[in-house]
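Chemist: can you look at this prediction? I've put the sequence above it.
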Amino acid sequence: MDKQSLRERVWDALEDEGMARFPFPPHGRIPNFAGADAAADRLTDTDAWRTAGTVKANPDAPQLPVRRAALRAGKTVYMAVPRLRDERCFLELDPDALTDYDAATTVSGSAEHGRQVAPDAMPAVDLVVSGSVAVSEAGARIGKGEGFSDLEWAVLREPGLVDDATPVATTVHELQVRDESWEADAHDVPLDLVVTPERTVETGEQPRGSAPASVAGKPAGIDWSLLSEADVAEMPVLERFRD
């Protein structure tokens, strides 16, 4: 199955089963889902969460409880500037410098309360939390199709802020965990943890040769062959790394 067809199947299933939550419709986005709070709570019970001091998180609605839980646990949260439009392309949310965690972890609030930093001003990231449209128990992930989550990983990988050992997690509804097979791209970042309201899947324990197709390792950096000159011009941090 191609990725877009599977996205449509997941979005339709969440809507048809009444499991989608605001914002509506779920289509065209990382979908919010019933039980997102419970999935976030389950993530906080993992070793990857307990040992992390810094968390790079996506800005989407279903991971809002994850971002809030991180700040309340004293973890520093990093969120990407939308579409990586600035050379200082990450927003730092320092729990010691904030008073209103609920406001700071929203999309608009992070821009107001966060401090913009360039990758070279960041510490190593201990845990990456990604939003997903569809995932497999083997660790394959499909986002909404724009590729920014994978590119953000690559930008962090270039200066060594993440590596093969950095755990990557997602929180999703059970309807988003799929058995269909799809072809992964070389720049796709695989998942180490798939967390739903009902269970936690450690993907390293899954057979890598079964459907969906086996999951490759984490990308080693930016794949310049996928980027045009216009892309580089729109994202100054890319030009900085290329130079």
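Modeler: Noted; the coordinates are in hand.
Chemist: going forward, measure contacts between C-alpha atoms and count neighbours the same way
Modeler: OK.
Chemist: contacting residues around the spatially most central residue of the chain?
Modeler: The centre of the chain sits closest to Ser130, judged by CA atoms, centre = their mean, with a distance of 1.3 Å. By CA atoms under 8 Å, 6 or more residues apart in numbering, the contact list for Ser130 reads 57-58, 149, 168-171.
Chemist: show only the entries of those residues found in strands.
Modeler: Counting by DSSP state E, the contacts of Ser130 place 57, 168-171 in strands.
Chemist: using JSON lines, lay out those residues together with neighbour count.
Modeler: Shown next, in JSON lines, are the ones in strands among the contacts of Ser130 (neighbours: other CA atoms under 10 Å):
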{"residue": "Ala57", "neighbour count": "24"}
{"residue": "Val168", "neighbour count": "24"}
{"residue": "Ala169", "neighbour count": "26"}
{"residue": "Thr170", "neighbour count": "26"}
{"residue": "Thr171", "neighbour count": "30"}
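Chemist: next, format the residues you listed as a markdown table and append pLDDT and distance to Gly204.
Modeler: Shown next, in a markdown table, are the ones in strands among the contacts of Ser130 (pLDDT from 0 to 100; distance: CA to CA, whole Å):
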| residue | pLDDT | distance to Gly204 |
| --- | --- | --- |
| Ala57 | 98 | 21 |
| Val168 | 98 | 12 |
| Ala169 | 98 | 12 |
| Thr170 | 98 | 14 |
| Thr171 | 98 | 17 |
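Chemist: if we can go back for a sec, got the phi/psi numbers for the residue nearest to the centre of the chain?
Modeler: In terms of degrees, to the nearest 10, the main-chain angles of Ser130 are phi -110, psi 150.
Chemist: any low-confidence regions in this protein?
Modeler: In the predicted model of the chain, residues 205-215 satisfy pLDDT under 70.
Chemist: how about 80 then?
Modeler: 204-216, 243 (pLDDT under 80).
Chemist: that one: helices as residue ranges?
Modeler: For the chain, the helices defined by DSSP state H occupy 3-16, 36-43, 47-50, 64-72, 101-104, 107-113, 148-157, 229-234, 236-242.
Chemist: what is the first one packed up against?
Modeler: Contact analysis of helix 3-16 by 3 or more CA pairs under 8 Å, 6 or more residues apart in numbering; DSSP states H and E lists strand 134-135 as its packing neighbours.
Chemist: residues making contact with the strand it packs on?
Modeler: With CA under 8 Å, 6+ apart, strand 134-135 has contacts from 6-7, 10, 141-143, 176-178, 194.
Chemist: cutoff 10 Å now
Modeler: Here strand 134-135 makes contact (CA atoms under 10 Å, 6 or more residues apart in numbering) with 3, 6-11, 30-31, 140-144, 170-180, 190-191, 194, 212.
Chemist: out of those residues, which end up buried?
Modeler: By neighbour count, with 16 or more other CA atoms under 10 Å, these hold 3, 6-7, 9-11, 30-31, 140-144, 170-178, 190-191, 194, 212 as buried.
Chemist: quick revisit: relative to Glu183, how far out is the residue nearest to the centre of the chain?
Modeler: To Glu183, Ser130 is 19 Å away according to CA to CA, to the nearest Å.
Chemist: for Val172, same thing?
Modeler: Per CA to CA, Val172 is found 20 Å from Glu183.
Chemist: also Asp60?
Modeler: Here Asp60 is placed at a distance of 25 Å from Glu183 (CA to CA).
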